Each structure stands twice: as structure tokens, then as C-alpha cells.
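# Need a 3D model of the sequence below.
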Amino acid sequence: MKASFAPAAAAASIALALAAAAHTQSDQTSDTKTAIKEDAKTVGHRIAHSARTVGLAVAEKTRPAREAIKEDSKKAGHAVAHGARRVGKAVKETAQKTKESVRGKSDEPQPKN
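Numbering: from 1, shown residues only. All right, here's what the predicted structure looks like:
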């Protein structure tokens with residue numbers, strides 16, 4: 001992957017150097033400038049193609065890891081949701097017990113001493 005990217009990058013550097021040299025010399029013809037522009041364009045397309053190829057290869061190789069992370073995240077989310085429901089139910093039951101214990105004491109008549 002890196003081997004195909006390096007020659008394209010080197011070619012781009014050469015094309016840019018030639019373009020700079022052509023720009024500084026005023027006696028260059030427009031045909032030469034056009035050829036240099038086309039060469040730079042071609043090099044740019046080759047670099048883009050190499051980068052796309054490398055990106056697709058990396059994406060393909062990392063697919064199993066991404067799927068594993070996705071499944072682990074899903075499991076963790078379900079576990080958190082289950083824990084939250086359990087805590088919510090416990091809080092509700094405790095609140096109900098507390099309410100009943102408080103209500104029970106206030107409903108009893110006060111002793112006459």
C-alpha cells in the first residue's frame with residue numbers, strides 16, 4: 001500500500017518542481033506549460049486513486065474490529081438499561097413502603113393519657 005503511494009508522491013513533487021521551474025523561466029512556451037499542468041493533473045489523480053485504494057483496504061481490514069465494538073457497545077447499553085430499570089423499581093418499592101409506613105402512623109388515633 002505504501003509502496004504505491006510513494007512513487008505517486010515523488011512524481012507529484014517532480015511535477016511541482018517542474019511547474020515552478022517553468023514559471024520562473026519566461027521563455028517557456030504555452031505548450032510546455034500545458035504539458036506540465038496535464039502531468040500535474042495526472043499525478044494528482046494517481047495520488048487520489050492510491051489514497052482511495054489504501055482507505056478501502058484499511059476499512060476492509062478493520063471491519064471485524066468495528067463489528068465487535070458495535071456488539072460490545074450494544075451489550076453494554078442493554079446492561080445499563082437493565083440496571084436502571086432495576087434501580088428504578090427498587091426506588092419505587094422503597095418509596096411505596098415509606099409512604100405506607102408514614103401514612104399508617106398518622107391514621108392511628110392518638111392515645112389518651
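
# use CA for all of it now, contacts and neighbours both
Fine.

# how about the helices in this structure?
Counting by DSSP state H, one finds helices in the chain at the ranges 2-24, 30-107.

# count of neighbours near the residue lying closest to I47 once chain neighbours are set aside?
The shortest distance from I47 to any non-neighbouring residue, by CA to CA, 6 or more residues apart in numbering, is to A8 (5.6 Å). Neighbourhood size, A8 [other CA atoms under 10 Å]: 20.

# what's the spacing between A8 and L16?
As for A8, its distance to L16 is 12 Å (criterion: CA to CA, to the nearest Å).

# do the same with V102
85 Å.

# Looking at those two, which one has more neighbours?
More neighbours surround L16 than the other of V102 and L16, with 17 against 11 (other CA under 10 Å).

# Verify the stated contact: the more buried one with A40.
Yes. Here L16 reaches A40: they are 6.9 Å apart, a contact under CA atoms under 8 Å.

# So which residue is dead centre in this structure?
R66 (10.6 Å; CA atoms, centre = their mean).

# Could you check the pLDDT of it?
pLDDT, R66: 93.

# Against E60, how distant is it?
10 Å.

# now A68
Taken as CA to CA, the span from A68 to E60 is 14 Å.

# ok, now K41?
Going from K41 to E60 by CA to CA gives 29 Å.

# Cool, thanks, signing off.
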